[in-house]
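1. here is a sequence with its predicted model. Questions after.
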Amino acid sequence: MFAALCIAGTALAPGSVLADEGAPAIPTDCPPPSQRPRPPAQPRPDIKEPKTVVLVIALDRCGQAGEIVVEQGSGIAALDEAASEAARSWRFNPSPEGPSRVRVPVEFLPRQESTVPGAAEPSLDKLRAQYRAMQVARVAARADRTVEGFIPDPQPLAHETIAASLSMLEREAKLQPDSPPGTRVYVRADGLDITQWTLFDEGWAFVPALIRQRLVSDGGNAFMLSRGLCEAKRAGECARFEDFMRSMPRQETRPPPPLPPES
């Protein structure tokens, strides 16, 4: 199951959103919030369709969670309990009027099916390792929950050439039928290791070239980091490719995946 935490709470009183480090709405005598909210633990077994738990959380004057009520259950007790347990550690920007309440939907999604032929169901150890590998430092998001379109990915490509990358993609990824003109877009999914690859064909000012986008999480949002590879030979083409990546439009964030279960 690929579950997700929707942390954009619907406030029942003004000012109740998940707190950012140093947010001015937090009284100065309150403890600072942790850098990343803890997502729900991952219950078993996997689900086949999306499930949502809606919590109503009472907040104290510092924005810390108190009483937690499941306003709308998912129909699966383990999911309701996982959402409630995680919410106990969340911090919100408190209302200037004092104690308040906030409504928070927590969404659990089926895990994306693997595109790798013959891949077995990922073990819990593998999911936990993938979860750790996708954690990154906090990235500032706007009020519309978007982040920069191009956020550089420090993780190197597994293959040094476009030909080798394409060979891997043809074996382990799924070509998207709605790829934009002049491109081939592949999605590779293996547990929580999810990447999207865009190969640029003739007609672009820089070919051959590709961009790998890797799904990561900063604990509050999930989004893509990008890394490119350009093998164009003519002078200036790879510089234009770099400019193209830096001009990528802002991307919408999504809820982050939850912690895989311990057992």
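-> Yep, it's here.

2. check the residue nearest the centre of the chain and give its pLDDT.
-> For the chain, the residue nearest the mean C-alpha position is Ala222 (1.6 Å; Cα atoms, centre = their mean). As predicted, Ala222 sits at a pLDDT of 91.

3. quick check: it vs Gln213, distance?
-> Look at Ala222 and Gln213: by Cβ to Cβ, to the nearest Å, they are 12 Å apart. To be clear about C-beta, it is placed using only N, CA and C from the backbone, and glycine gets the same treatment.

4. then Glu49?
-> If you measure Glu49 against Gln213 using Cβ to Cβ, the figure is 26 Å.

5. neighbour count: the two, which is higher?
-> A direct count of neighbours by other Cβ atoms under 10 Å for Glu49 and Gln213 places Gln213 higher, at 24 against 7.

6. check what pLDDT the more buried one gets.
-> Per-residue confidence (pLDDT) for Gln213: 98.

7. is it true that it touches Arg188?
-> No - look at Gln213 against Arg188 with Cβ atoms under 8 Å: they stay out of range, at 10.7 Å.

8. how about the helices in the stretch 1-150 of the chain?
-> Defined through DSSP state H, counting those that start in this stretch, the helices belonging to the stretch 1-150 of the chain, from first to last, are 77-87, 124-133.

9. please work out which of these is packed deepest.
-> Relative to the other members of these, helix 77-87 carries the highest mean neighbour count by mean count of other Cβ atoms under 10 Å, namely a mean of 20.

10. what mean pLDDT does that one have?
-> Helix 77-87 shows an average pLDDT of 89 in the prediction.

11. show me how far that helix is from its chain's centre.
-> Once both centres are worked out by Cα atoms, centre = their mean, to the nearest Å, helix 77-87 turns out to sit 20 Å from its chain's centre.

12. got the CA coordinates for that helix in PDB?
-> This file holds the C-alpha atoms of helix 77-87, laid out as PDB (Å, rounded to 0.1, in the frame of the first residue of the first chain):
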ATOM      1  CA  ALA A  77      -9.700   0.100  12.100                       C
ATOM      2  CA  ALA A  78      -6.000  -0.300  11.600                       C
ATOM      3  CA  LEU A  79      -5.900   2.700   9.300                       C
ATOM      4  CA  ASP A  80      -8.000   4.800  11.700                       C
ATOM      5  CA  GLU A  81      -5.600   3.900  14.500                       C
ATOM      6  CA  ALA A  82      -2.500   4.600  12.500                       C
ATOM      7  CA  ALA A  83      -3.800   8.100  11.500                       C
ATOM      8  CA  SER A  84      -4.800   8.900  15.100                       C
ATOM      9  CA  GLU A  85      -1.500   7.700  16.600                       C
ATOM     10  CA  ALA A  86       0.600   9.800  14.100                       C
ATOM     11  CA  ALA A  87      -1.500  12.900  14.800                       C
END
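
13. that one - contacts with which helices or strands?
-> Where contact means 3 or more Cβ pairs under 8 Å, 6 or more residues apart in numbering; DSSP states H and E, helix 77-87 is packed against strand 51-59, strand 65-72, strand 100-109.

14. ok, now how distant is Ala65 from Glu148?
-> Applying Cβ to Cβ, one obtains 31 Å for the distance of Ala65 from Glu148.

15. please say which of the two ends up with more neighbours.
-> In this view Ala65 and Glu148 are compared by other Cβ under 10 Å, and Ala65 has more residues nearby, 20 against 17.

16. many thanks, we can stop here.
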